[in-house]
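**Q** Here's a sequence, model it:
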Amino acid sequence: MPSISSTVDGLVSGLDTSSIINSLVAADGATQTRLKSNVSAAQLKVTAYQSVNTKMAALQTAAEALQKATAWNPVKASASDTSVTVATSSTAAAGSMTVDVSAVASARSVVTAEFSPGADGTVNVAALGFPLDVVRSDGSYVTLKPSAGSLEQVASAISEASQFGIKAVAIRVNENTYRLQITSTDTGAAKGAFKVVSSAGRADSPAGAPLKLTGAETYGGLVEVADLKQLSAAKDAQLTIGPGVTLTSATNTFTDVMPGVSVTVTKPVNGVVVSVDSNPDAVATAVQSLVDAANAALKDITLQTRAGTIGSDGKVVGGGSLRGDSALRALKAQVIDAVTSAVGGGSSAATFGLQIDKTKATSSDIALSFDKAKFLESYAKDPAGVQALVSAASLPTLKAADGSASATTRPDGIVERLAKVAKSATDSVTGTITSAINGQNSSITDLTKRISDWDTRLADKRAYYQKYYGALEVALGKLQSQSTWLAGQLAGLG
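**A** Here you go, the predicted structure:
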């Protein structure tokens, strides 16, 4: 408890009553001090359990990733020219094709006739033919009706219709001479096309809120205003994948050129080989991630449960916050057992490169090792066999002769066993680590309440001691007064 000065400090007795009271309260508060120490220890345990829980959750995630069939059918895609990029989805299969890119997608862009702002910097928009309509190929249109203003204000007013798919910018072509460039924000022969026509005879549409052509008007029958110059036409990208077979796309991406394969182009080019190859290296990388996650969990359990040594003062030095925790030690053994026990009816994980790290074979630093080269060699010889030993759940369900689900099931692979061990530890309701954390938190709550109760109790103790010593000083004061009076009386008798 913090020191609080007494109001009766040595008034008569000369005693340091504040120190005496603090010592008495400290002695009475020894129990509270132990309780606070217990809270700190419990909080350290919670932190340690949470650390192990995080590592085990990561192990579960790595294991569940390998339980998916797609993890065992990875591919890598490539193109023989850098102007073509290839992307794959989970449905992609190995294969190749040669393609010609005859055109890339573009948007239409036009410029107005040249004009010069006036001496005050304003633009005569009427002289440029405004108000105008920009009409899309589907017959929708917006009215461009900028008011007289600066060059920037006119371009900005036109660009207010950007949500309709157009933008405008002023281009300087000479000293005080400009053109307005109007461009579609979409590419493709349909979406990227538009016409700039007189708005006479049509209802004005507010910028960004297009209307549709009505009556006999059609997009094809509209005539653009004079003095427009086209900079680029709206075109689809074109990809030839064989004699007489040409694909088109409003963008430069062609989806599902092969199942699960998309191709993006940036310029015309011929004879590009697009390849999709199986990628066993990605499978090995996923298994390595599983081993790394398991080793991280094993290392953390070892760290948190290390016994430490007894120092000369009898205290444990270098011990973990969870030293002696039998549940965590059992969890460590379960992780090792899930990998090293026979799988698939008698096979060993060592046959495909997964085993105990022989350089770390003691119980204090035990870890797993993964021989990637050996795994790839085994996987190349028997892909389905290795897959079944690692993750039986990733294979198709066994079928009976009539096509229904077979009553026979494959034995769990290493991945399934690790996933079960991890889940039994980290489950948010029944997990062993979760239960341990909840138990420690409950203990902290109880201890905190008891510490609070002791605050009240010690405050009462302090008040009692202050009253006691205050009364003592008063009594001593009275005795001193009486002694002085008696001494005076005795002196008078002499």
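**Q** Next, report how far stretch 18-38 is displaced from the centre of its chain.
**A** Computed by Cα atoms, centre = their mean, to the nearest Å, the chain-centroid distance of stretch 18-38 equals 48 Å.
**Q** how far does it stretch from start to finish?
**A** End-to-end span of stretch 18-38 (Cα to Cα, to the nearest Å): 29 Å.
**Q** helices or strands up against the longest helix seen in the chain?
**A** Determined from DSSP state H, the single longest helix within the chain is helix 432-493. Applying 3 or more Cβ pairs under 8 Å, 6 or more residues apart in numbering; DSSP states H and E, we find helix 432-493 packed against helix 17-28, helix 30-66, helix 326-340, helix 414-426. Every residue, glycine included, has its C-beta placed from N, CA and C.
**Q** Based on its surroundings, how many neighbours for the residue lying closest to residue 331 once chain neighbours are set aside?
**A** Counting by Cβ to Cβ, 6 or more residues apart in numbering, residue 331 lies nearest to residue 425, which is 5.6 Å off, once chain neighbours are set aside. Residue 425 has 28 neighbouring residues, counting by other Cβ atoms under 10 Å.
**Q** check contacts around residue 425.
**A** Applying Cβ atoms under 8 Å, 6 or more residues apart in numbering to residue 425 gives the contacts 53, 56, 331, 431-434.
**Q** Also residue 122?
**A** Residues near residue 122 by Cβ under 8 Å, 6+ apart: 148-150.
**Q** check contacts around residue 130.
**A** Counting by Cβ under 8 Å, 6+ apart, residue 130 has contacts 144-146.
**Q** The contacts of residue 425: which two are farthest apart?
**A** The largest separation in those, counting by Cβ to Cβ, is between 331 and 434 at 12.5 Å.
**Q** More neighbours: those two, which one.
**A** residue 331 (22 against 16).
**Q** Hmm, that one is touching residue 301, no?
**A** Yes - counting by Cβ atoms under 8 Å, residue 301 is a contact partner of residue 331 at 6.5 Å.
**Q** follow-up on the earlier one: most neighbours among the contacts of residue 425, which one is it?
**A** Counting neighbours by other Cβ under 10 Å, the top entry in the contacts of residue 425 is residue 56, with 28 neighbours.
**Q** Per-residue pLDDT of that one, please?
**A** In this model, residue 56 is scored at 96, pLDDT.
**Q** That one contacts residue 297, correct?
**A** Yes - here residue 56 reaches residue 297: they are 5.3 Å apart, a contact under Cβ under 8 Å.
**Q** Give the intersection of the neighbour lists for these two.
**A** Contact criterion Cβ under 8 Å, 6+ apart; residues shared by residue 56 and residue 297: residue 422.
**Q** Now do the shared contacts for residue 331 and residue 301.
**A** Listed contacts common to residue 331 and residue 301 are residue 52; contacts here mean Cβ under 8 Å, 6+ apart.
**Q** that older thread, which among the contacts of residue 122 end up buried?
**A** By neighbour count, with 16 or more other Cβ atoms under 10 Å, the contacts of residue 122 hold residue 149 as buried.
**Q** can you list the helices and strands packed on helix 432-493 in a markdown table and add distance to residue 107?
**A** What follows is those, written out as a markdown table (distance: least, Cβ to Cβ, whole Å):
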| stretch | distance to residue 107 |
| --- | --- |
| helix 17-28 | 82 |
| helix 30-66 | 41 |
| helix 326-340 | 57 |
| helix 414-426 | 50 |
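**Q** Select, out of the ones you listed, the one closest to residue 282.
**A** Closest of the helices and strands packed on helix 432-493 to residue 282 is helix 30-66, at 11.3 Å (criterion: Cβ to Cβ).
**Q** how about the closest one: buried residues?
**A** 32, 35, 38-39, 42, 45-46, 48-49, 51-53, 55-60, 62-66.
**Q** now do stretch 301-317
**A** For stretch 301-317, by 16+ other Cβ under 10 Å, it's 301-302, 304-306.
**Q** Please list the outside residues in contact with it.
**A** Contacts with stretch 301-317, where a contact means Cβ under 8 Å, 6+ apart, come from 48-49, 51-52, 55, 318-325, 328-329, 331-332, 364-366.
**Q** Just the buried ones from the residues you listed, in PyMOL syntax?
**A** Burial among those is assessed by 16+ other Cβ under 10 Å; the matching PyMOL selection reads:
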select buried, resi 48+49+51+52+55+319+320+321+322+325+328+331+332+366
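**Q** Report the buried residues of stretch 254-265.
**A** Buried positions in stretch 254-265, judged by neighbour count with 16+ other Cβ under 10 Å: 254, 257-258, 260-265.
**Q** Name the residues of the host helix or strand of residue 294 that are buried.
**A** Taking DSSP states H and E as the criterion, residue 294 maps to helix 280-305. Across helix 280-305, burial judged by 16+ other Cβ under 10 Å covers 280, 283-284, 286-291, 293-302, 304-305.
**Q** what's the distance between that helix and the middle of its chain?
**A** For helix 280-305, the gap between its own C-alpha mean and the chain's C-alpha mean amounts to 20 Å (Cα atoms, centre = their mean).
**Q** Just checking, which helix or strand succeeds that helix along the chain?
**A** As assigned by DSSP H and E, the chain's next helix or strand after helix 280-305 is strand 309-310.
**Q** per-residue confidence averaged over that following strand?
**A** Model confidence over strand 309-310, given as mean pLDDT, is 76.
**Q** Note down every partner strand of that strand and its orientation.
**A** Applying DSSP bridges to the sheet, strand 309-310 is found paired with strand 316-317 (antiparallel).
**Q** and the nearest residue to residue 131 once chain neighbours are set aside, how many residues sit next to it?
**A** In this structure, residue 131 finds its nearest non-sequential neighbour in residue 145, 4.0 Å apart by Cβ to Cβ, 6+ apart. Residues lying near residue 145 (other Cβ under 10 Å) number 17.
**Q** and residue 145, what does it touch?
**A** By Cβ under 8 Å, 6+ apart, residue 145 lies in contact with 130-131, 157, 199, 204, 207.
**Q** Please repeat the previous calculation with a cut-off of 7 Å.
**A** Residue 145 sits next to 130-131, 204 when contact means Cβ atoms under 7 Å, 6 or more residues apart in numbering.
**Q** Switch the residues you listed over to CSV; also include distance to residue 460, secondary structure and pLDDT.
**A** Shown next, in CSV, are these (distance: Cβ to Cβ, whole Å; DSSP: H, G, I helix; E, B strand; the rest coil; pLDDT from 0 to 100):
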residue, distance to residue 460, secondary structure, pLDDT
130, 88, coil, 85
131, 88, coil, 87
204, 85, coil, 87
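**Q** Which single one of these is nearest to residue 15?
**A** Nearest to residue 15 among those is residue 204, at 98.8 Å by Cβ to Cβ.
**Q** Roughly how far does the nearest residue to residue 59 once chain neighbours are set aside sit from residue 68?
**A** Distances taken as Cβ to Cβ, 6+ apart place residue 293 nearest to residue 59, at 4.3 Å, with adjacent residues excluded. Computed as Cβ to Cβ, to the nearest Å, the residue 293 to residue 68 distance reads 16 Å.
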